[in-house]
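# A structural model of the following input is requested.
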Amino acid sequence: MNTIFSRKGVFWVLSLAILPVLDSSLSAFAQTTDNTSLQLSQPSATETSPNQISPNHASELSNLSPTGQFPNAAVQETASRTVTPVPGTAVTSSEAFTLTSKEVAQADINPGRPTRGGRSYIGVAANIGVSGGGTSLGDGNFMVFSKVGLTNTISVRPSAVLGDNTVILVPVTYDFSFQPAADPFSEPLAIAPYIGAGAAIKTGDGSEVALLLSGGVDVPITPQFTATAAVNAGFFDQTNVGLMLGVGYNFGRQ
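Predicted coordinates:
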């Protein structure tokens, strides 16, 4: 009987000793559980909303752009695209085979060509002195004359009035051509007047150079010959005027 009571006493003593230990363990477990749930439920102080980006994040995002990741990558910009050819490529090599046309401004001058007044010629004529004296231009003499076409409208007509004081005439003339106004497609009239100016050179004693005014008309007779009449005025100390009548032989292409 005493043995049973002694065993029960030991059991109760052990039970009373274990209770404080269990109580402290349960309280510690509860505190740990509360702290863990609190940490899981409360958001971090550094957490930001999706619409907020700090400057550091912005710089990192900019570094992740195509240009930052690949500095040598070509970025397509249609508005401001500049193509810089590399030597040895097709762009620069093709330039060596590009033919550039350079137009040189030049007058269509062809000595001896026909003008709109007719073909070039050379001939002989009679000079009839109209006024003046002291030179062969103002007296009755023979003369040699010519016409050399330069352009379609310009010609030079050198001639020489033979005599005691030979006069050389070098006028540059503008050639005209009459076209009937009623029919612009018809052939121009055969009469071709001209007018011009140049130099009159008197040879012999007291040689002199003076202004020359010349005007006349050409009349084609045949494909080989042209009749001409002209008035020449040399402004020497005494003005000399002569009337020329002659026939020239055509040369050059038609």
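# pLDDT below threshold where in the stretch 1-150 of the chain?
By pLDDT under 70, the low-scoring segments of the stretch 1-150 of the chain are 1-107.
# buried sites along the helix or strand hosting A233?
Element membership of A233 [criterion: DSSP states H and E] is strand 225-235. Residues of strand 225-235 classed as buried under the neighbour-count rule (16 or more other CB atoms under 10 Å) are T226, A227, T228, A230, N232, A233, G234. Where you see a C-beta, it was placed from the backbone N, CA and C, and this is true even at glycine.
# could those be laid out in a markdown table, adding distance to D218?
A markdown table is the format used below for the buried residues of strand 225-235 (distance: CB to CB, whole Å):
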| residue | distance to D218 |
| --- | --- |
| T226 | 5 |
| A227 | 7 |
| T228 | 5 |
| A230 | 9 |
| N232 | 15 |
| A233 | 19 |
| G234 | 21 |
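# dump these to a markdown table, plus pLDDT.
Converted to a markdown table, the buried residues of strand 225-235 look like this (pLDDT from 0 to 100):
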| residue | pLDDT |
| --- | --- |
| T226 | 95 |
| A227 | 96 |
| T228 | 96 |
| A230 | 97 |
| N232 | 97 |
| A233 | 96 |
| G234 | 95 |
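# show me where the stretch 51-200 of the chain has strands.
Taking DSSP state E, counting those that start in this stretch as the test, the strands found in the stretch 51-200 of the chain are 120-131, 141-149, 154-156, 159-161, 167-175, 192-202.
# contacts only, for V148.
Each residue near V148 by CB atoms under 8 Å, 6 or more residues apart in numbering is listed here: P111, G112, S120, S155, V156, R157, P158.
# mind giving me the ChimeraX select for those, buried ones only?
Paste this into ChimeraX to select the buried members of these, with burial taken from 16+ other CB under 10 Å:
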select :120,155,156,157,158
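# correct me if wrong: S146 contacts A160.
No. In this structure S146 lies outside contact range of A160 using CB atoms under 8 Å: 9.6 Å.
# of those two, who's got more company?
Between S146 and A160, A160 has the larger neighbour count (other CB atoms under 10 Å), namely 20 against 17.
# contacting residues around that one?
Taking CB under 8 Å, 6+ apart as the criterion, A160 is in contact with M143, V144, F145, T166, V167, I168, L169.
# what sits against the fifth one?
V167 makes contact with T135, S136, L137, A160, V161, A200, I201, K202, T203, G234, N240 under the criterion CB under 8 Å, 6+ apart.
# give me that answer again for 10 Å
By CB atoms under 10 Å, 6 or more residues apart in numbering, the contact list for V167 reads 127, 135-139, 141, 143, 159-161, 200-204, 208, 210, 212, 232, 234, 236, 240, 242.
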